[in-house]
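Chemist: Model the following, please.
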Amino acid sequence: MVTQNPSFTFERFTGVDIAYKDFTAATKTCTTKPLVVKDSFAQTREGFDKFIKYLHSSGTIPDKHLVVMEATGNYWIALAIALYEAGFVLSVVNPAQAHYFAKAQLKRAKNDKLDAQTLCELGQALTPTRCTPPPQIYHEFRQRLTQHDNLLRLRTQVENQLHAMSVHPVIVESVKQQLS
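Modeler: Model prediction:
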């Protein structure tokens, strides 16, 4: 991920709490409290488009609108790319940073809506570093490396099974052949 120093004054801040199937958002201006968006959005292209349409409806131009989300597994990547391509300023923070920010504000409760509000407030208070999502080749390379690692683990697992089988007094030839 490429980072850049923030040099903008933002008019609107949006915090996004990412989950496996959906995401929750809260948005605010410099003078208002965070307002949680009534419905969550699906982690699909249609959900991203609906969210981007919602962000545009605020009237704030995208480059004056900071969207903050946590780097939660791989779930944030597709939304980050969609927002970046739509022209929004994006910041992806370490989950620990959001956790300690909430803790510093004495927030004890934790749910998707509160997390989105906290990320929204973090965006305004700290103006985290602006980022650019990695290019497509990065994702392709990472998937190939993951597949390679999985195949190596599988090979080691089968080799271990064959070795464990070799110390048995009776070896079923059909089982051995399936593992070989």
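Chemist: How much space separates the residue nearest the centre of the chain from M69?
Modeler: For the chain, the residue whose C-alpha lies nearest the mean C-alpha position (Cα atoms, centre = their mean) is W76; its distance is 2.1 Å. For W76, the distance to M69 equals 5 Å [Cβ to Cβ, to the nearest Å]. Using the backbone N, CA and C atoms, a C-beta is placed for each residue, glycine as well.
Chemist: Could you list the buried residues of stretch 152-166?
Modeler: When burial is assessed from 16 or more other Cβ atoms under 10 Å, stretch 152-166 yields no buried residues.
Chemist: what about it, average pLDDT?
Modeler: Stretch 152-166 comes out with an average pLDDT of 91.
Chemist: Next: stretch 66-73.
Modeler: Predicted confidence along stretch 66-73 averages 94 (mean pLDDT).
Chemist: what do you get for stretch 37-48?
Modeler: The average of the pLDDT scores along stretch 37-48 is 95.
Chemist: Quick one: distance of that stretch to the chain centre.
Modeler: In terms of Cα atoms, centre = their mean, to the nearest Å, the centre of stretch 37-48 is set 14 Å apart from its chain centre.
Chemist: can you list the domains in this protein?
Modeler: Structurally, the chain divides into domains by automatic domain parsing as follows: 2-132, 136-179.
Chemist: Give the residue spans of the chain that score low on pLDDT.
Modeler: Low-confidence regions of the chain, defined here as pLDDT under 70, cover residues 1-8.
Chemist: mind redoing it with 80?
Modeler: Within the chain, the stretches with pLDDT under 80 are 1-8, 139.
Chemist: So which residues of it form helices?
Modeler: If DSSP state H is used as the criterion, the helices of the chain fall at 45-56, 77-85, 95-104, 112-126, 136-166, 173-179.
Chemist: How much space separates L79 from A109?
Modeler: Here the criterion is Cβ to Cβ. By it, L79 lies 24 Å from A109.
Chemist: which one of these two has more residues nearby?
Modeler: The neighbour comparison of L79 against A109 (other Cβ atoms under 10 Å) goes to L79, with 22 against 8.
Chemist: I'd say T129 and S91 touch.
Modeler: Yes. With contact defined as Cβ atoms under 8 Å, T129 counts as touching S91 (6.3 Å).
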